[in-house]
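1. Dropping the sequence and predicted coords here.
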Number of protein chains: 2
Amino acid sequence: MSYSRHQLIALLRKRGIAPTHQRLEIANVLFSRGEHLAADQILTLVNERHAETSKATVYNTLNLFRDCGLIREVIVDPKRVFYDPNTEPHHHLYNVDTSEITDISADDLVVSGMPELPPGMVTEGVDIVVRIRAL
Amino acid sequence: MSYSRHQLIALLRKRGIAPTHQRLEIANVLFSRGEHLAADQILTLVNERHAETSKATVYNTLNLFRDCGLIREVIVDPKRVFYDPNTEPHHHLYNVDTSEITDISADDLVVSGMPELPPGMVTEGVDIVVRIRAL
DNA sequence: GCCAAAGATTGGACTTTGTCTAATCCGGGC
DNA sequence: GCCCGGATTAGACAAAGTCCAATCTTTGGC
């Protein structure tokens, strides 16, 4: 599931994000791999060939992508945030031993009995994490 | 919902935890308030009268309590772990504006369609977080 | 294509959360 | 009351993430 330079540019433009070098590199790593990656992993991957993107830019860009709804944060590991290129509603299987994250389709996993929210409150999202481990 | 010194000692002893001064203070803050608290909040609360418990001890103790099943970690805020004195199965409402956490009974909120686990894997827990915000 | 303005990137200092260590300090059993 | 293994401590350390002011790119108007 690889994306061409043009496709990536279109993806960013659609959200009003100026397609710079660094942003395209980061988008490429996220969307072409389709994996859940943490900031430090992205920093490493993006600089694999020749270093060209700084830590600050990786964090800036991930926050920008998140704010624009291009990617989603996954909060499962107390040590770091993971970024998910899949923004469709879905849930996660989290291997606590290896920190590996796998998707669970929202069609399979269904929640019922959502509580009334306090007035003036809206749901931003429902995240389900199934924590698993060996044995 | 206040706990007496004796009740707290019994609570720790039941899990084989030696009831020291500091541990009782921390247990008291958690169980008497019944709130979801982060380590730094616990450190502050415990030292409100006169400082007597160090940061290291707060972290040691929270990890100990967690390992002994006395409390539960709640991973919802990328900035810090919250500790929950309620270890019964239940879920959480998380106010992303205020970082406030509220319980949702597991009787109300039901999940169906749990996926097959890879062989040799066991479920450690299923955490549902309903993220809400004002507006 | 050129230029300026707006916006993006950068290294490095800084903050925060949490861990580690080696020294000291209990407290429960004898 | 004494001892000893476990508990506590200050402070150094580590890792994730933010901030800043200087510099570099993009982009849109011409």
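-> It's in. Worth saying up front: this structure is predicted, and the values here are computed from it rather than measured.
2. Please list all residues in contact with the residue nearest to residue A:28 when sequence neighbours are not counted.
-> Counting by C-beta to C-beta, 6 or more residues apart in numbering or on different chains, residue A:8 is the residue found nearest to residue A:28 once chain neighbours are left out, at 5.9 Å. From N, CA and C alone the C-beta is placed, and that goes for glycine too. Contact analysis of residue A:8 by C-beta atoms under 8 Å, 6 or more residues apart in numbering or on different chains lists A:19, A:24, A:27-28, A:31.
3. can you confirm residue A:8 is in a strand?
-> No - going by DSSP: H, G, I helix; E, B strand; the rest coil, the assignment for residue A:8 is helix, not a strand.
4. any idea how far DNA strand D is from it?
-> Counting by C-beta to the nearest atom of the strand, to the nearest Å, the gap from residue A:8 to DNA strand D is 13 Å.
5. related to what we said a few turns ago, quick check, nearest of the contacts of residue A:8 to residue A:63?
-> Proximity of those to residue A:63 (C-beta to C-beta) peaks at residue A:27, which lies at 13.9 Å.
6. Just want the phi and psi numbers for the residue most central in space within chain A.
-> Closest residue to the average C-alpha location of chain A: residue A:84 at 2.0 Å, with C-alpha atoms, centre = their mean. Note on residue A:84: its backbone torsions stand at phi -120, psi 120 [degrees, to the nearest 10].
7. What of residue A:126?
-> phi -120, psi 120.
8. Each with direction, which strands does the helix or strand of chain A with the lowest mean pLDDT pair with?
-> Taking mean pLDDT, DSSP states H and E as the measure, the helices and strands of chain A show their lowest mean at strand A:110-112, namely a mean of 87. Using DSSP bridges, strand A:110-112 pairs in its sheet with strand B:110-112 (antiparallel).
9. What parts of chain A come near DNA strand C?
-> Chain A comes close to DNA strand C at residues A:17-18, A:20-23, A:51-57, A:60-61, A:78, as judged by C-beta under 7 Å from any atom of the strand.
10. Flag every buried residue along stretch A:122-132.
-> Of all the residues in stretch A:122-132, those buried under the rule 16 or more other C-beta atoms under 10 Å in any protein chain shown are A:126-132.
11. What helix or strand is the residue located most distally from the centre of chain A located in?
-> Here chain A reaches farthest from its C-alpha mean at residue A:119, the gap being 30.3 Å by C-alpha atoms, centre = their mean. Using DSSP states H and E, residue A:119 falls within no helix or strand.
12. State the distance from it to residue A:76.
-> Using C-beta to C-beta, to the nearest Å, we find residue A:119 at a distance of 30 Å from residue A:76.
13. And residue A:44, which helix or strand is it part of?
-> helix A:39-46.
14. try residue A:49
-> Residue A:49 belongs to no helix or strand, assigned by DSSP H and E.
15. try residue A:104
-> Element membership of residue A:104, judged by DSSP H and E, is strand A:100-105.
16. Export that strand to PDB, keeping only CA atoms.
-> Extracted in PDB, the C-alpha atoms of strand A:100-105 (Å, rounded to 0.1, in the frame of the first residue of the first chain):
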ATOM      1  CA  GLU A 100       2.700  -3.900  19.300                       C
ATOM      2  CA  ILE A 101      -0.600  -2.400  18.300                       C
ATOM      3  CA  THR A 102      -3.100  -4.100  16.000                       C
ATOM      4  CA  ASP A 103      -6.400  -2.800  14.600                       C
ATOM      5  CA  ILE A 104      -9.800  -4.200  15.500                       C
ATOM      6  CA  SER A 105     -12.600  -3.300  13.100                       C
END
